[in-house]
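**Student:** give the three-dimensional model of this entry:
(chains A and B)
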2 protein chains.
Amino acid sequence: MDPQPLYRQLANHYLGAIKAGTLGQGERMPSVRSMMRLHDVSLSTALQTCRQLESEGWIEARPRSGYFVRQPRRVAMMPPEEPNFGLPPDPAQYVGIHARVSDFIAKGRASPIKVNLSGARAAPELYPAAQLKNAAIRALRRNPELLVRSCPPGGNAQFRAILARRALALGMVLSPDDITITHGCIEALNLALRAVTQPGDTVAVESPTFYGLLQILESLGLRALEIPAGTGSGISIEALELAMQTYGNIKAVVVVPHLQNPLGSIMTDVSKQRLVHLCEQHGVALIEDDTYSALVESEVPLNALKAWDRSGNVIYCASLHKILAPGMRLGWMVAGKWQARVAMLKYAQTRDNEEWSQIAAAEFIASTDFDRHLRRLRAALRPQRERMAEAIAAGFPLGTRMTMPQGGITLWIELPHKLSAKKVFDEALRHQILIAPGSMFSNSNRYDAFIRVSCGWRYSEEIDDAVRRLGHIVSGLAR
Amino acid sequence: MDPQPLYRQLANHYLGAIKAGTLGQGERMPSVRSMMRLHDVSLSTALQTCRQLESEGWIEARPRSGYFVRQPRRVAMMPPEEPNFGLPPDPAQYVGIHARVSDFIAKGRASPIKVNLSGARAAPELYPAAQLKNAAIRALRRNPELLVRSCPPGGNAQFRAILARRALALGMVLSPDDITITHGCIEALNLALRAVTQPGDTVAVESPTFYGLLQILESLGLRALEIPAGTGSGISIEALELAMQTYGNIKAVVVVPHLQNPLGSIMTDVSKQRLVHLCEQHGVALIEDDTYSALVESEVPLNALKAWDRSGNVIYCASLHKILAPGMRLGWMVAGKWQARVAMLKYAQTRDNEEWSQIAAAEFIASTDFDRHLRRLRAALRPQRERMAEAIAAGFPLGTRMTMPQGGITLWIELPHKLSAKKVFDEALRHQILIAPGSMFSNSNRYDAFIRVSCGWRYSEEIDDAVRRLGHIVSGLAR
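**Tutor:** Numbering: from 1, shown residues only, chains lettered A, B, ... in the order given. A predicted model of the protein is given here:
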């Protein structure tokens, strides 16, 4: 028997028809009444089927006419131009990136904000609050000494076991003992970098990249070398190879292979394999930040960079922060040949994590609820991204370019005429709209004309209005 | 009306009589029946009164004779010799301390252990497991989005407010905004050291000191300068002043003013004041680790070093780990003039702590339960320390010396004839007894003939037997 609820089975039936083209774009869905007759189901099941397909962005309701297969308005917008991969990169020491980033964050916090498009996290209602809460309460009830007893060294055994089991799907064969539990992916990246570098060393990063990484590098006294990355397959392996030949002192490369932040790029397997080999060949540690892979819309399974690692040269870092529970700082890492050093640094830096979060998370991840949650999260984010992209395409002036990533929570937008995103940021703030300007993502001024917008919120009237305002602001400044 | 339960009021009544000498040492307590008559209380109240006084170590039961005022067997043992404060200290870079400490820890973990006297934490049953658990469950129930929402920047407001309120008792006048929440005191010390030093800098520490601190220094590439400390008032201000005049590059001093680990010393107010002024005068940051102050048995209130800080030169670090909840990694710090830098480093290192622990802890600390718990914890530790000391005095050979600290969880023992504690450690391990050898607490070999033993467990037959065996081992090796 199919274990899925009836409405889900029926939704899958229609989804198949839509994907096969049997139900073409713009065509009308059978009415609710005819669905009841056709499939011998109740009104509530028929309605739930339609609402499910609507929430996933496959069909849309038209007043007094019923449901229609949604016609993705073609987003007539080019992706941002690929960088010139041939030019040698400029080494830049990230002194000051924190001040710049803090400045933007402080401005955002000091102003009244109605629409916050600056984050890279989904809305709280897209995470399984009640289920996690119940798992946490069960963990506390079952282990009466949980809060007055230290965590076993290295982390909770069940949590590490279930993480190791799930890593198989990313092509990694791990033992639970290979895994170190950390306070979020941020601590994992800190430990990885501290394990393989000394202050003053150079670290190659994607350009643009996640500003949290630039802050970590600055705080550790490391020099960052920006390697151009494209919206397609991410970091340029050619440019990285050139940089390795040019600069002798690159100690590590940090890469986000899946849904790179902010580009949204996904590396191909070929590219991943070349990167792993290149780093191994040059004796450069490869640090993989895999925060977003569970948010990729993909029919084929993804492979972590670590899947090609034969010598322990890849340090895999991930967390549950963006995909399961923004209120739990649960990260984890597989430190390969640096595991003993990472364990030492972790012990000296923060000791072991609290065990209660780990037990609660382990219970949830081990259940079928986790995959169901991930499917729902991806299904909820898809129409949010699409509607955001449509609104930008409709409201922003000619010459705007935009990524359309295969998943995730953000879009990366190139403004026309090299328009200063800082000006757009300031002007948007006056309208109580918060965005992330491109200069947060690089120490070069290469991305000053970019903005990153969040699609983490349910696409509402208010957001639609904010995007239209942003379009006006950009048009006004571009004139 | 007295809000305390009847048995507690009655216990206080008798405690007063014992302290005043009205009930002399060795004298018999009124029988339970006569207490019932005298105070018009139930059998259960009279019994509970006696048990309470017994658990606090004031009276003891003798079979078939009733309760007697306990006569502390005079522990005829000298404290360890004071170090020579006049000699200039040797600068030592702590490369390798981690390996040495890990070696001891790994040996302990690899062996079957019956009696673990190596820690500096009380037994789980001395912490309020059920109350904390209930507070955590209430926090989860009241805030349904707690696990799917990030913590507000800087930490939970109620938690910081109640910490600021309690800091008043240590002479610190703080606003909640002065406080940064950290993952335990260990992260606070990391952040403090990272804020005020660069790798290669020298940091003055007490000798002997907490091995966790030596590991942090090693992991951050800092050089440690050991300043002699005594079992009385802790660090020698004279020796520190001499060191500051001799070495120009001391960037910070780390001090545990209350129940120094492992010495158990408590600094006098005069000493504290001189230390604060000395550091300010020399432009050296003063980092205060105040993990244990709530465990001090003191009639007069204690003052933090920070209480004398007028220029923001003192960084105060503390945690709830040892005094409230070993299963919650809740630390906090007041970083004075380095607050902005500490906030940056904390954000780049681990972001904010999870909010749920903070809410649960805040509720407990704000209630009267917290002070009641602390009184009970101190009252439980007192007889545990005393009985341990008595057993050591009785079972260890002549020439052994020992601290008798005014509170806390450990005793520091100097073995006779410069006996190697490493040998005692190995031999004890064969008897499934774990201790902490002195060489974990210094990079010099000055403490090779010392051991630290925990008094965190209820003093049982099994522990008594273990201490006797330790005495035999020491006697055997000393011959």
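**Student:** which strand or helix spans A:R51?
**Tutor:** Following DSSP states H and E, the helix or strand that holds A:R51 is helix A:43-55.
**Student:** what's downstream of that helix, the next helix or strand?
**Tutor:** Next in sequence after helix A:43-55, counting helices and strands by DSSP H and E, comes strand A:59-62.
**Student:** centre of the chain to that following strand, how far?
**Tutor:** 29 Å (Cα atoms, centre = their mean, to the nearest Å).
**Student:** C-alpha coordinates for that strand, CSV please?
**Tutor:** Below are the C-alpha coordinates for strand A:59-62, written out as CSV (Å, rounded to 0.1, in the frame of the first residue of the first chain):
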residue,chain,number,x,y,z
ILE,A,59,-1.1,25.5,-10.6
GLU,A,60,-2.8,28.7,-9.8
ALA,A,61,-6.4,29.7,-8.9
ARG,A,62,-8.2,32.2,-11.0
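**Student:** quick one: contacts of the next helix or strand after that strand?
**Tutor:** Counting by DSSP H and E, the next helix or strand C-terminal to strand A:59-62 is strand A:66-69. Here strand A:66-69 makes contact (Cβ atoms under 8 Å, 6 or more residues apart in numbering or on different chains) with A:18, A:23-29, A:31-32, A:50, A:53-54, A:58-62. Every C-beta, even on glycine, is put in place using the N, C-alpha and C of the backbone.
**Student:** quick one: mean pLDDT for strand A:66-69?
**Tutor:** In this model, strand A:66-69 has a mean pLDDT of 89.
**Student:** show me where the stretch 51-200 of chain A has its helices.
**Tutor:** In the stretch 51-200 of chain A, the helices defined using DSSP state H, counting those that start in this stretch lie at A:97-110, A:129-142, A:157-167, A:184-196.
**Student:** using CSV, lay out those together with mean pLDDT, mean neighbour count and distance to chain B.
**Tutor:** Formatted as CSV, those follow (pLDDT from 0 to 100; neighbours: other Cβ atoms under 10 Å in any protein chain shown; distance: least, Cβ to the nearest Cβ, whole Å):
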stretch, mean pLDDT, mean neighbour count, distance to chain B
helix A:97-110, 88, 15, 6
helix A:129-142, 96, 18, 4
helix A:157-167, 96, 19, 14
helix A:184-196, 98, 26, 5
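**Student:** which residues of the stretch 351-479 of chain A fall in strands?
**Tutor:** A:401-402, A:410-414, A:433-434, A:436-437, A:450-454 (DSSP state E, counting those that start in this stretch).
**Student:** please tabulate those in TSV, including the columns mean neighbour count.
**Tutor:** Output for these, formatted as TSV (neighbours: other Cβ atoms under 10 Å in any protein chain shown):
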stretch	mean neighbour count
strand A:401-402	20
strand A:410-414	25
strand A:433-434	24
strand A:436-437	25
strand A:450-454	26
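**Student:** hmm, back to that, selecting buried members of the contacts of strand A:66-69 in ChimeraX, what would you type?
**Tutor:** Typed into ChimeraX, the line below selects the buried ones among the contacts of strand A:66-69, using 16 or more other Cβ atoms under 10 Å in any protein chain shown:
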select /A:18,23,29,32,50,53,54,58,59
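**Student:** for chain A, longest strand please?
**Tutor:** strand A:223-230 (DSSP state E).
**Student:** tell me the contacts of the nearest residue to A:A139 once chain neighbours are set aside?
**Tutor:** Leaving aside its chain neighbours, A:A139 sits nearest to A:I359 (4.1 Å; criterion: Cβ to Cβ, 6 or more residues apart in numbering or on different chains). Taking Cβ under 8 Å, 6+ apart, we find A:I359 in contact with A:A139, A:N143, A:L146, A:N156, A:Q158, A:F159.
**Student:** could I get those residues as a markdown table with distance to B:C317?
**Tutor:** Output for these, formatted as a markdown table (distance: Cβ to Cβ, whole Å):
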| residue | distance to B:C317 |
| --- | --- |
| A:A139 | 29 |
| A:N143 | 29 |
| A:L146 | 25 |
| A:N156 | 27 |
| A:Q158 | 32 |
| A:F159 | 29 |
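**Student:** who in the stretch 201-350 of chain A is up against chain B?
**Tutor:** A:212, A:215-216, A:218-219, A:221, A:325-329, A:344-345, A:347-350 (Cβ under 8 Å from any Cβ of the partner chain).
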